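J.: Fold the following and give me the result.
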Amino acid sequence: MNTATKEKTLLLSKRGMKELKRSIASLTHDRQKAIQELHELDKMSDRDTRLNHLEKLARLDIIESQLQDKELALKSARLIPTRRARMQVAIGSVVDLIDTQGRIFRYMLVDSIEANPSDGRISIASPLGQNLLGKTVRDVIEWSAGLKPNRLQLVSIS
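T.: Modelled structure (predicted):
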């Protein structure tokens with residue numbers, strides 16, 4: 001599948017997912033009712049009935065279009081990650097840390113193979129990386145690099 005046809009993931013809350021499914025069920029019911037009404041109108045042949053038939057066909061077309069859009073949205077929908085999962089440091093997290101002098105440092109936690117501290121990418125296997133994993137905002141991270149102890153406070157995770 002090329003990128004032009006790749007579907008974008010739609011992130012929904014549990015409530016949003018339920019509402020989307022409820023809307024699809026309602027539209028499916030409305031579609032069935034409109035089809036049934038059309039079949040009943042097909043049995044009649046006067047002019048007013050034909051106009052009513054055209055109106056019902058237009059309504060069915062609108063329902064079909066809305067249903068198709070919502071089913072496509074549901075197909076690409078995923079639940080938003082839980083607040084807890086987003087709020088803990090993990091591989092791939094970008095963290096902002098502040099030292100005792102008020103300097104801010106931004107790092108991305110990566111696997112050792114792509115670590116480059118001068119580029120802001122630190123390994124999860126490094127002393128700082130190991131101490132950051134699982135931490136949440138406002139936690140203090142302490143580690144030693146040689147003889148000098150280090151202390152940073154975690155101020156944000158993205």
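J.: Could you pick out the longest strand of this protein?
T.: Secondary structure of the chain per DSSP state E: the longest strand is strand 148-157.
J.: what about that strand, distance to the chain center?
T.: Offset of strand 148-157 from its chain centre (Cα atoms, centre = their mean, to the nearest Å): 29 Å.
J.: Could you tell me the end-to-end distance of stretch 100-116?
T.: End-to-end span of stretch 100-116 (Cα to Cα, to the nearest Å): 24 Å.
J.: for that stretch, what is the average pLDDT?
T.: Taken as a whole, stretch 100-116 has an average pLDDT of 87.
J.: Kindly report the same for stretch 60-73.
T.: In the prediction, stretch 60-73 has an average pLDDT of 94.
J.: buried stuff in it?
T.: Leu60, Ile63, Gln66, Leu67, Lys70 (16 or more other Cβ atoms under 10 Å). The C-beta positions use only the backbone N, C-alpha and C, and glycine is treated the same way.
J.: before we move on, the earlier item: strands paired with the longest strand of the chain, and their directions?
T.: strand 94-98 (antiparallel), strand 140-145 (antiparallel) (DSSP bridges).
J.: Mean pLDDT lowest where, among the ones you listed?
T.: strand 140-145 (a mean of 87).
J.: Quickly list the domain ranges of the chain.
T.: If you go by automatic domain parsing, the domain ranges for the chain are 10-79, 84-157.
J.: what distance separates stretch 107-118 from the centre of its chain?
T.: That offset, for stretch 107-118, works out to 25 Å (Cα atoms, centre = their mean).
J.: make that stretch 129-148, sorry
T.: So, by Cα atoms, centre = their mean, the centroid of stretch 129-148 is 29 Å from its chain's centroid.
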